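A.B. asks: Okay, sequence plus prediction incoming.
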Amino acid sequence: MTAEKASLNFNAVFLARNPPSDPRIVQMAQWGKRFKQGGMVKEAEGNLSFRTRLGFIISGTGVSLDALAPETVCEVKGVVYGLHRTSVYVKGAVVPSSETILHAQIYDECPEVNAVFHVHDARVMDQAERLGVPETAEEKQAGTQDLAQEAVRLVKSDKGMGYFILKGHGGVALGRTLDEAGCLVEEMRARATG
């Protein structure tokens, strides 16, 4: 099951339905196309985000990474973790990625991270041990707070970590910029195939 086919573990609360406006959406879309063409994702797998002044812009749920545009992304303005259900406050025309909680918790815990790119590169996952890529200790259900907390535990163990594997699920690249995260995804692919 891909992250985007997982059921949503949050309620999307729309503050506004107009698409976000940020010039970096074009840059994120270019990376999405490269990842799809390079085989790092298939169909509607993966999700990309970048930090904004008041939150972060993330790809919509079920949106193929080669179809990113202002109309297929949204801005997450806040996340409230409720007793029974999490609420995600959104500006945009689409529901945010099912992995929104993962992105939100990484941004909350890592102020130096400004871009989070989650891909499903089977080659890198297969070669992770040989490549020395850190991996979360336990496999957790996609889109859950448990998965996000497992990822944050790993990232906090090594603040310099740029790429890691979500056990049984996919890879995550962290960057100070979109280009830094994107280049890291491509570098890991090259190392896995080289």
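C.D. replies: Good, I have the coordinates.
A.B. asks: need the contact list for Ser49.
C.D. replies: Listed by CB atoms under 8 Å, 6 or more residues apart in numbering, the contact partners of Ser49 are Phe56, Ile57, Ile58, Ser59, Val76, Ser97, His103, Ala115, Val116, Phe117. Every C-beta, even on glycine, is put in place using the N, C-alpha and C of the backbone.
A.B. asks: And the residue nearest to Ala128 when sequence neighbours are not counted, its phi and psi?
C.D. replies: Closest residue to Ala128 apart from its sequence neighbours, by CB to CB, 6 or more residues apart in numbering: Ile165 at 5.0 Å. Dihedral pair for Ile165: phi -110, psi 130, per degrees, to the nearest 10.
A.B. asks: wait, doesn't Ile165 sit right on Arg123?
C.D. replies: No - using CB atoms under 8 Å, Ile165 and Arg123 do not qualify as a contacting pair, with a distance of 11.9 Å.
A.B. asks: and these two? which has more neighbours close in?
C.D. replies: A count of neighbours by other CB atoms under 10 Å puts Ile165 above the other of Ile165 and Arg123, at 22 against 16.
A.B. asks: Please enumerate the helices of the protein.
C.D. replies: Per DSSP state H, the chain carries helices over the ranges 24-37, 100-109, 122-131, 145-157, 178-193.
A.B. asks: What are the buried residues along the last one?
C.D. replies: Of the residues in helix 178-193, those buried by neighbour count under the rule 16 or more other CB atoms under 10 Å are Leu178, Glu180, Ala181, Gly182, Leu184, Val185, Glu186, Met188, Arg189, Arg191, Ala192.
A.B. asks: ok, the residues you listed vs Gln127, which is closest?
C.D. replies: Ala192 (4.2 Å; CB to CB).
A.B. asks: what ranges of the protein fall below the confidence cut-off?
C.D. replies: The chain contains residues with pLDDT under 70 at 1-6.
A.B. asks: Please tell me how far Met161 sits from Val152.
C.D. replies: 11 Å (CB to CB, to the nearest Å).
A.B. asks: Dig out what Asn47 forms beta bridges with.
C.D. replies: Residues in a beta bridge with Asn47, per DSSP bridges, are His118.
A.B. asks: Give the burial count for it, as a bare number.
C.D. replies: Counted with other CB under 10 Å, residues neighbouring Asn47 total 30.
A.B. asks: May I have the longest strand seen in the chain as PDB, with CA atoms only?
C.D. replies: Longest strand in the chain, counting residues (DSSP state E): strand 73-81. Extracted C-alpha coordinates of strand 73-81, given in PDB (Å, rounded to 0.1, in the frame of the first residue of the first chain):
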ATOM      1  CA  VAL A  73      -1.000  21.400  -3.600                       C
ATOM      2  CA  CYS A  74      -2.100  23.100  -0.500                       C
ATOM      3  CA  GLU A  75      -0.700  25.100   2.400                       C
ATOM      4  CA  VAL A  76      -1.000  23.600   5.900                       C
ATOM      5  CA  LYS A  77      -1.400  26.400   8.300                       C
ATOM      6  CA  GLY A  78      -1.600  24.300  11.500                       C
ATOM      7  CA  VAL A  79      -2.100  20.900  13.000                       C
ATOM      8  CA  VAL A  80      -4.000  20.200  16.200                       C
ATOM      9  CA  TYR A  81      -3.500  16.800  17.700                       C
END
